[in-house]
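K.L.:
need coordinates for the below:
(one chain, ligands or ions: 1)
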Amino acid sequence: MSTLTDEIARRRTFAIISHPDAGKTTLTEKLLLFGGAIHIAGAVKSNKIKKTATSDWMEIEKQRGISVATSVMGFNYGNYKINILDTPGHQDFAEDTYRTLTAVDSVIIVVDVAKGVEQQTRKLMEVCRMRNTPVIIFVNKLDREGRDAFDILDELEAELKISVRPLSWPIGIGEKFKGVYNIYENTLDLFTPDKQKVSERVEIDNVDDKAVDAAVGEKEAAQLREDLELIDGVYPEFDREAYLKGQVAPVFFGSALNTFGVKELLDCFVEIAPAPKPIEAVERRITPDEEPFTGFVFKIHANMDPNHRSCIAFVKICSGKFERNAPYKHIRSGKILRFAAPTAFMAQKKNIVDEAWPGDIVGIPDTGTFKIGDTLTSGEDLHFKGLPSFSPEMFKYIENTDPMKSKQLEKGIQQLMDEGVAQLFVNQFNGRKIIGTVGQLQFEVIQYRLLHEYGAQCRWEPISLYKACWIESDDENAIANFKRRKHQFMAVDREGRDVFLADSNYVLQMAQGDFPSIRFHFTSEF
Ligand code: G4P
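P.N.:
Numbers count the residues shown, from 1 in each chain. Next up, the predicted model:
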């Protein structure tokens with residue numbers, strides 16, 4: 001095997017997603033502990049922004065510094081190279097998370113056993129489903145009282161709309177939590193609450209072994225055997241192919257805080273999770289083992305220091321070997337660029353690297369060259385697809401309050417949109433600019449950054465909108481007719497695509513009924 005195929009085969013690039021507080025940060029930290037990337041628990045600062053209703057923007061600014069460091073966490077585990085891509089916890093940054101999901105090959109979803117499937121998990125799963133991303137589910141906090149494991153499985157299936165297959169099974173819960181039986185490997189681990197130590201393993205041949213009774217108690221052992229029989233009756237055997245297609249999600253149980261069930265999860269994960277996969281470009285499908293380098297920018301992180309408006313562009317390598325100082329084509333500008341100081345993220349350190357492989361992420365210092373979604377190649381003209389914009393949830397008109405600084409405002413808006421902070425639509429009726437975001441916080445972020453980084457001042461004016469939808473039809477007359485009828489509600493996005501601004505669900509439904517030949521899309525990728 002060539003080095004390239006070897007390097008690809010050992011890479012596992014994934015994200016951990018959850019509703020805030022389910023235990024994503026804790027689980028991430030424990031995975032880093034196993035990878036030897038950190039040595040004590042508590043070393044990873046949570047990048048989550050506190051979830052109070054009125055978030056403090058300065059607090060976020062501080063936390064952004066932390067989140068650069070944890071944006072990508074790379075480490076070796078056995079022969080595997082693992083890249084964990086961090087996703088922001090705060091729901092107002094959901095768009096960031098969606099984009100990060102385009103750069104991973106699989107996902108681990110953390111669910112709190114007491115709370116079950118929560119709203120944000122549901123939404124993120126929809127994004128995974130759109131891309132058929134393989135998911136593994138970790139049911140966390142078994143050391144606390146929570147729901148019955150079978151009920152949780154039913155809820156996962158119903159709420160996340162995916163078939164599940166337990167690969168481990170809890171014995172008791174909360175006060176009575178005794179341990180986990182690992183179905184995948186036929187092993188038994190006893191629970192000892194300890195934040196640093198790995199669990200104790202009992203030597204058994206199979207679940208009928210008397211040692212199980214001795215370890216967890218006769219009643220519990222009988223219950224476990226009954227449960228396992230039921231599982232085998234209800235759930236088909238674990239099928240890795242179905243998992244890789246995103247059709248079935250293996251489920252593990254444990255307690256991240258107590259480092260319990262985490263190693264089992266990790267060991268199974270590296271074995272079954274996919275190595276970097278082929279990626280679709282507009283022109284053709286690119287497989288990771290093609291020699292020429294290709295990659296795309298999925299995230300841009302602004303510097304915290306307002307005096308240096310530099311950013312880091314995060315590039316996901318899709319194929320070939322990435323080399324420092326090699327000439328790469330920036331497709332959007334057509335320019336050949338060389339990167340003297342690309343960084344990689346290993347064991348919590350950011351280092352300059354000479355080379356990187358498919359599945360890896362490199363950080364490239366940037367002063368405004370890159371835009372989210374940009375493609376880099378060894379020369380071929382390719383455009384990667386699949387960095388969708390979703391219809392924002394909130395909309396406001398942005399108005400200039402300092403006429404002397406309109407150029408600065410213009411530039412600031414452009415660059416913040418390039419970074420993917422929010423979406424810009426221009427109303428075709430009155431020419432006014434509308435900023436669409438996922439949450440209220442972004443408006444504060446934009447106003448603050450325009451002032452501090454660009455010296456521009458803006459004010460927000462309310463606009464009552466329900467959704468922005470991209471419209472499309474094979475019938476040009478229908479589009480022209482629609483645009484005439486709805487001219488007050490038509491806008492264009494930054495790529496010049498037509499967007500219908502619906503001010504209520506009712507209006508949207510009426511429009512859909514009146515114009516059956518028009519397709520209304522809620523994401524820009526269609
Ligand atoms: P998040 O990133 O998904 O938002 O969750 P995070 O890991 O920060 O965990 C949220 C809270 O849940 C934390 O408590 C954490 O200690 C706790 N937790 C995580 N895993 C477990 C578990 O297996 N069992 C129990 N009982 N608790 C768990 P916190 O009090 O909010 O934060 P901290 O002050 O402990 O950091």
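K.L.:
mind listing the helices for the chain?
P.N.:
Ranges of helices within the chain are 3-9, 24-34, 57-69, 94-101, 119-130, 149-160, 210-216, 218-234, 240-244, 262-272, 406-418, 440-454, 476-485, 505-514, based on DSSP state H.
K.L.:
and the fifth one, what's buried?
P.N.:
By neighbour count with 16 or more other C-beta atoms under 10 Å, helix 119-130 contains the buried residues 120-121, 123-125, 127-128, 130. Yep, even glycine has a C-beta here, placed from its N, CA and C like the rest.
K.L.:
need the residues you listed in CSV with distance to the ligand, can you?
P.N.:
What follows is those, written out as CSV (distance: C-beta to the nearest ligand atom, whole Å):
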residue, distance to the ligand
Gln120, 10
Thr121, 10
Lys123, 15
Leu124, 12
Met125, 15
Val127, 17
Cys128, 17
Met130, 23
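K.L.:
including distance to Phe93 and pLDDT, could those go into CSV?
P.N.:
Listed next are the buried residues of helix 119-130 as CSV, based on distance: C-beta to C-beta, whole Å; pLDDT from 0 to 100:
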residue, distance to Phe93, pLDDT
Gln120, 11, 85
Thr121, 15, 90
Lys123, 13, 84
Leu124, 12, 87
Met125, 17, 91
Val127, 14, 85
Cys128, 17, 91
Met130, 19, 85
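K.L.:
between these, which sits nearest Tyr181?
P.N.:
Thr121 (25.2 Å; C-beta to C-beta).
K.L.:
my guess is the closest one contacts Leu160, does it?
P.N.:
Yes. Between Thr121 and Leu160 there is a contact under C-beta atoms under 8 Å: 7.3 Å.
K.L.:
who touches both of those two?
P.N.:
Residues touching both Thr121 and Leu160 by C-beta atoms under 8 Å, 6 or more residues apart in numbering: Ile109.
K.L.:
so which bits of the stretch 251-400 of the chain are right by the ligand?
P.N.:
255-258 (C-beta under 6 Å from any ligand atom).
K.L.:
now those as a markdown table including neighbour count and pLDDT?
P.N.:
Shown next, in a markdown table, are these (neighbours: other C-beta atoms under 10 Å; pLDDT from 0 to 100):
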| residue | neighbour count | pLDDT |
| --- | --- | --- |
| Ser255 | 27 | 93 |
| Ala256 | 26 | 93 |
| Leu257 | 20 | 91 |
| Asn258 | 22 | 89 |
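K.L.:
and stretch 6-26 with the ligand, contact?
P.N.:
Yes. Shown here: stretch 6-26 in contact with the ligand (C-beta under 6 Å from any ligand atom) through 18, 20-26.
K.L.:
give me the buried subset of those.
P.N.:
Buried among the residues of stretch 6-26 next to the ligand by 16+ other C-beta under 10 Å: 18, 20-26.
K.L.:
farthest pair within those?
P.N.:
Pro20 and Thr26 (12.2 Å).
K.L.:
who's in contact with the nearest residue to Pro292 once chain neighbours are set aside?
P.N.:
Among residues not flanking Pro292 along the chain, Ser378 sits closest, at 3.9 Å (C-beta to C-beta, 6 or more residues apart in numbering). Listed by C-beta under 8 Å, 6+ apart, the contact partners of Ser378 are 292-294, 320, 326, 328-329.
K.L.:
again, 10 Å this time
P.N.:
290-294, 319-323, 326-329 (C-beta atoms under 10 Å, 6 or more residues apart in numbering).
K.L.:
how many other residues sit next to the residue in the stretch 101-250 of the chain positioned nearest to the ligand?
P.N.:
Proximity of the stretch 101-250 of the chain to the ligand (C-beta to the nearest ligand atom) peaks at Lys141, 3.9 Å away. By the criterion of other C-beta atoms under 10 Å, Lys141 has 26 neighbours.
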